[in-house]
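Student: Provided below for reference: sequence and predicted model.
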Amino acid sequence: MQKRIFHIESNDPVARDTFRLVLRTGGPVVMRSGQFVDIALPGFYLRRPISVSDVLPDGLVLYYKVVGEGTRLMAGMQSGAELELLLPLGSGFRPEKCRDNALLIGGGLGAAPLYLLAKELLALGKGATAVLGFNKADEICLADELRALGVPVHIATLDGSAGTKGFVTDAIAAGKPEYDRFYTCGPLPMMKAVCLALEAPGDVSLEERMGCGAGFCYGCTVITASGPRRVCADGPVFDKKEVLW
Ligand SMILES: Cc1cc2nc3c(=O)[nH]c(=O)nc-3n(C[C@H](O)[C@H](O)[C@H](O)COP(=O)(O)OP(=O)(O)OC[C@H]3O[C@@H](n4cnc5c(N)ncnc54)[C@H](O)[C@@H]3O)c2cc1C
Ligand code: FES
């Protein structure tokens, strides 16, 4: 884990309240899907955790949604501005656990880490299908990017404005993708429904409010089947069997 300075190459809106942030730094960046960075923001005591969506030879791509003061500040940042990141943080997804075909299930910006995971799966010679859920069509992001990798994408929207009307579980039932393992990231109720509905083994990326983000404060502790675990350091990715809903 280290602190590194990145500069903003671009910071563009890509969907409703959603921004794509491209960061560059002086040298290689090594991160896996499911890991995250903790961003220091001027005027804020706590850093903001954001999942890595793609790794560039000398940088990172992140997606973030404006939900409060910190992300609102980020949305106003211009190209060339500097950000201090703590990285790499957390455990990653385990693409090597997939036998042949993976199902990637994202809710909202839970799609972001699944993009890098799809690249890792394809590099291992595995197949991948994505099912992405959003409230409305204007929130859809990363679907085209995943399709550009050759990953079939099924969309579910709660209001029916794109794809299957309903939840990701409805889109899975409609699309009937083939898979032997699933990987999911998104809101807890969605991931609970997915874990209860799918019999296949799976990796679940949990999200908790974080203090230090690096394993010291125990502020992000959740109770799992193996006892208390810190989401930031022992997760955020846990085996489906570990998560107590
Ligand atoms: C491991 C991890 C990875 C994440 N990856 C991403 C990502 O790729 N893209 C992204 O947009 N967001 C991601 N988040 C959530 C992101 O960290 C928060 O949205 C952000 O910190 C909010 O900062 P803020 O100052 O704008 O909002 P705040 O003012 O801090 O909070 C605004 C609202 O957001 C809620 N909130 C804040 N932090 C969290 C959190 N960690 N979990 C659930 N609700 C929260 C608050 O309860 C409140 O309702 C991730 C969080 C974790 C723990
Ligand atoms: S946020 Fe401090 S231990 Fe996880």
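Tutor: Looks like it came in fine. Bear in mind the structure is a predicted one, so any value in this text is a computation, not a measurement. Numbers count the residues shown, from 1 in each chain. Ligands and ions are numbered 1, 2, ... in the order given.

Student: buried sites along the top strand by length along the chain?
Tutor: Secondary structure of the chain per DSSP state E: the longest strand is strand 2-15. Using 16 or more other C-beta atoms under 10 Å as the test for burial, strand 2-15 gives 4, 6, 8, 11, 15. Every residue, glycine included, has its C-beta placed from N, CA and C.

Student: what does stretch 47-56 give?
Tutor: Result for stretch 47-56 [16+ other C-beta under 10 Å]: buried residues 47-55.

Student: now swap in stretch 121-129 and tell me
Tutor: 121-122, 126-129.

Student: Can you name the two of the residues you listed that sit furthest apart?
Tutor: Using C-beta to C-beta, the buried residues of stretch 121-129 span at most 11.9 Å, a distance reached by Leu122 and Thr129.

Student: Identify the contacts common to the two.
Tutor: Counting by C-beta atoms under 8 Å, 6 or more residues apart in numbering, the common neighbours of Leu122 and Thr129 are Val151.

Student: Cys185 reaches Leu116, doesn't it?
Tutor: No - using C-beta atoms under 8 Å, Cys185 is not in contact with Leu116, being 11.1 Å away.

Student: the more surrounded of these two?
Tutor: Shown here are Cys185 and Leu116; by other C-beta atoms under 10 Å, Cys185 has more neighbours (29 against 24).

Student: what pairs with the more buried one across the strands?
Tutor: Beta-bridge pairing of Cys185 under DSSP bridges involves Gly106, Ser205.

Student: Please name the residues that touch it.
Tutor: 34, 51, 105-107, 110-114, 191, 204-205.

Student: Then Gly107?
Tutor: 132-134, 168, 184-187, 190-191.

Student: and the residues you listed, which are buried?
Tutor: 132-134, 168, 184-186, 190-191.

Student: how about JSON lines for those residues, with pLDDT and distance to Leu142 added?
Tutor: Output for the buried ones among the contacts of Gly107, formatted as JSON lines (pLDDT from 0 to 100; distance: C-beta to C-beta, whole Å):
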{"residue": "Leu132", "pLDDT": "98", "distance to Leu142": "7"}
{"residue": "Gly133", "pLDDT": "98", "distance to Leu142": "12"}
{"residue": "Phe134", "pLDDT": "98", "distance to Leu142": "10"}
{"residue": "Val168", "pLDDT": "97", "distance to Leu142": "14"}
{"residue": "Thr184", "pLDDT": "98", "distance to Leu142": "14"}
{"residue": "Cys185", "pLDDT": "98", "distance to Leu142": "11"}
{"residue": "Gly186", "pLDDT": "97", "distance to Leu142": "12"}
{"residue": "Met190", "pLDDT": "96", "distance to Leu142": "16"}
{"residue": "Met191", "pLDDT": "97", "distance to Leu142": "17"}
